[in-house]
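Novice: Sequence and predicted structure, then a few things I'm wondering about:
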Amino acid sequence: MLRRLSLAVAGGLLLTSAVAGCGASDEAGSGGNSGGGGDDKITLGFSQVGAESGWRTANTKSVQESAASAGIDLKFSDAQGKQENQIKAIRNFITQRVDVIAFSPVVESGWGTVLKEAKDANIPVILTDRAIDDPDTTLYKTFIGSDFVEEGKKAGQWLVKEYEGKSDPVNIVELQGSPGAAPANDRKSGFAEVIKADPKFKVVASQTGQFTRTDGKAVMETFLKSQPDIDVLYAHNDDMGLGAIEAIEAAGKKPGTDIKIITVDAVKDGMTALSENKINFIVECSPLLGPQLMDLVKKAKGGETIPQRVITKETTFTPEQAKEALPSRQY
Ligand code: AHR
């Protein structure tokens, strides 16, 4: 009898986890929430973009570890880079009546309908890492993450300084992030805004490398074949820059010397390449959003007023600064 009962309980738990799966991979958290478990633990439904980069891996770890230490029950769903998976995950979180929903949007547009459903269900939504372009800011409580336009500007400012006093044309190739994603749009526009003041800077090719090392390498190979005279590579993240370095080396050129390289993120692998002078400059984008996010989750659940925008503090790195920072780098 007792055995049959514990099997039934185990079956019930499995069912709860399966519902949390949302058709994408469900990696952490299940059990007691205000909707299902009956204890007073806060339940957070979190939909992650995927696992495309070192940055993303560090961000997922930060969210999972911070939820555990804040005593928050995390239902984690990996969208595998697809907006439809995120929409499905958010709908599942609404059905489960989680306390708070947080997500890092794969793309900027197309969120109005599902976020209206969350609002109608009285579930507060927090945007983390990436923004959406919906003008209705009542659809979410707050947005915590970097200023991506500013990151693009910092990349452009370094370039302007690097070529100060020189008049020869500077041919730039650009590896963009995944199409439609806020960091791809904003890092592109911020960079373009700064370099447009001087006509010697020419973006001769610009294509997506999907924020991945593999695509960064493949696209750089095509750039090297189609562009005879590349002076600078601007990659929207470290991973694409690292893939491009492989392509540059395979083409018999010296990354950082024959082609100057600027990237964004400052994950350990990127910082190592910077310290070896294979990358010339990195704009930091911090993935360690977990602790602040959990704070906001608690406040949102408690009905406290929270700022509409929380901007992450970030810096930039030269090779010398990378050497200094590497020993204590967390990600
Ligand atoms: O949204 C943050 C960006 O997404 C990171 O810069 C990039 O590495 C990631 O994939």
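Specialist: Yep, it's here.
Novice: Tell me how far Thr263 lies from Ser206.
Specialist: 15 Å (C-beta to C-beta, to the nearest Å). For every residue, glycine as well, the C-beta is placed using N, CA and C.
Novice: who's more crowded, those two?
Specialist: More neighbours surround Thr263 than the other of Thr263 and Ser206, with 31 against 15 (other C-beta atoms under 10 Å).
Novice: Name the strands paired with the helix or strand harbouring that one and say parallel or antiparallel.
Specialist: Using DSSP states H and E, Thr263 falls within strand 260-265. Partners of strand 260-265 in the sheet, by DSSP bridges, are strand 232-235 (parallel), strand 281-284 (parallel).
Novice: is the last one anywhere near the ligand?
Specialist: So the one you mean is strand 281-284. No: against the ligand, strand 281-284 shows no contacts by C-beta under 6 Å from any ligand atom, the least distance being 9.6 Å.
Novice: before we move on, back to that, what about the strand holding Thr263, average pLDDT?
Specialist: On average, the pLDDT along strand 260-265 is 98.
Novice: One more: stretch 120-133?
Specialist: Mean predicted lDDT for stretch 120-133 stands at 98.
Novice: ok, now stretch 278-285?
Specialist: Taken as a whole, stretch 278-285 has a mean pLDDT of 98.
Novice: The ligand contacts on the stretch 151-300 of the chain?
Specialist: Pro183, Phe211, Asn237, Asp239, Val264, Asp265, Cys285.
Novice: Output those in JSON lines, with secondary structure appended to each entry.
Specialist: Formatted as JSON lines, those follow (DSSP: H, G, I helix; E, B strand; the rest coil):
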{"residue": "Pro183", "secondary structure": "helix"}
{"residue": "Phe211", "secondary structure": "coil"}
{"residue": "Asn237", "secondary structure": "coil"}
{"residue": "Asp239", "secondary structure": "helix"}
{"residue": "Val264", "secondary structure": "strand"}
{"residue": "Asp265", "secondary structure": "strand"}
{"residue": "Cys285", "secondary structure": "coil"}
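Novice: which of those tops the neighbour count?
Specialist: Neighbour counts for those, by other C-beta under 10 Å, peak at Asn237, which reaches 34 neighbours.
Novice: that older thread, now for the strands paired with strand 260-265, which one comes closest to Lys298?
Specialist: Nearest of these to Lys298, taken as C-beta to C-beta: strand 281-284 at 26.9 Å.
Novice: got a list of contacts for that closest one?
Specialist: Contacts to strand 281-284, defined as C-beta atoms under 8 Å, 6 or more residues apart in numbering, come from residues 151, 154-155, 158, 162, 238, 261-266, 270-271, 274, 314-318, 322.
Novice: could you point out which element follows that strand?
Specialist: Criterion used, DSSP H and E; the element after strand 281-284 is helix 290-301.
Novice: just the CA coordinates of that following helix, formatted as PDB?
Specialist: Below are the C-alpha coordinates for helix 290-301, written out as PDB (Å, rounded to 0.1, in the frame of the first residue of the first chain):
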ATOM      1  CA  GLY A 290      21.500  36.100 -11.500                       C
ATOM      2  CA  PRO A 291      21.800  37.700  -8.000                       C
ATOM      3  CA  GLN A 292      20.200  41.000  -9.200                       C
ATOM      4  CA  LEU A 293      17.500  39.100 -11.000                       C
ATOM      5  CA  MET A 294      16.600  37.100  -7.900                       C
ATOM      6  CA  ASP A 295      16.300  40.400  -5.900                       C
ATOM      7  CA  LEU A 296      14.000  41.800  -8.500                       C
ATOM      8  CA  VAL A 297      11.900  38.600  -8.600                       C
ATOM      9  CA  LYS A 298      11.400  38.800  -4.800                       C
ATOM     10  CA  LYS A 299      10.400  42.500  -5.100                       C
ATOM     11  CA  ALA A 300       8.000  41.800  -8.000                       C
ATOM     12  CA  LYS A 301       6.400  39.000  -6.100                       C
END
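Novice: So for that helix, what gets flagged as buried?
Specialist: By 16 or more other C-beta atoms under 10 Å, the buried positions in helix 290-301 come out as Gly290, Gln292, Leu293, Met294, Leu296, Val297, Lys298, Lys299, Ala300, Lys301.
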